[in-house]
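*Asks:* here you go, sequence then predicted model.
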Amino acid sequence: MPLKKSPNGGGSNTDGTISNIYCAYCYESGQFTNPDWTASQMQDFVKKKMKEMGFMMSLFANSFVKKIPSLKRWKKI
C-alpha cells in the first residue's frame, strides 16, 4: 500500500506517531492488525484493498505487492 494512500499517511506506532513503514490497514497502535497472516495472505489483502481504492492492478501496483515478503515483518533474521 502506498503510504500516501493510507488513512493518516500510515499506521500508528505505540506512541501515536505515524509509521513510515506500515499502512493503517495492517498496523495500529504499534501492533499488526492480523499478526498471524503470512506474506501471501497480506499480498491477497493488499491486492483487494488496492482494487477497492480504484488502483488498476498494473505493473506499478503489482510492484508494491511483490515487495511485501521483503518487508521487515517477514524477513528471516
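*Replies:* Nice, I can see it. Numbers count the residues shown, from 1 in each chain.
*Asks:* buried stuff in the biggest helix by length in the chain?
*Replies:* Longest helix in the chain by number of residues (criterion: DSSP state H): helix 39-52. Within helix 39-52, the residues scored as buried using 16 or more other CB atoms under 10 Å are 39, 42, 43, 45, 46, 47, 49, 50. C-beta: built from backbone N, CA, C; applies to glycine.
*Asks:* touching, the second one and residue 68? I think so.
*Replies:* Yes - Residue 42 is within contact range of residue 68, at 5.3 Å (criterion: CB atoms under 8 Å).
*Asks:* so what's the residue count around residue 20?
*Replies:* As a burial measure, residue 20 scores 10 neighbours (other CB atoms under 10 Å).
*Asks:* can you give me how far stretch 5-21 is from the chain middle?
*Replies:* 11 Å (CA atoms, centre = their mean, to the nearest Å).
*Asks:* which residues touch it?
*Replies:* 3, 22-30, 53, 71-72 (CB atoms under 8 Å, 6 or more residues apart in numbering).
*Asks:* lowest pLDDT pick from these?
*Replies:* Lowest pLDDT of those: residue 53, 79.
*Asks:* phi and psi next, for the residue lying closest to it once chain neighbours are set aside.
*Replies:* Distances taken as CB to CB, 6 or more residues apart in numbering place residue 5 nearest to residue 53, at 6.4 Å, with adjacent residues excluded. With angles defined as degrees, to the nearest 10, residue 5 sits at phi -100, psi -10.
*Asks:* so how many other residues sit close to residue 5?
*Replies:* Look at residue 5: counted by other CB under 10 Å, it has 15 neighbours.
*Asks:* okay, strands next: where are they in the protein?
*Replies:* 27-28, 31-32 (DSSP state E).
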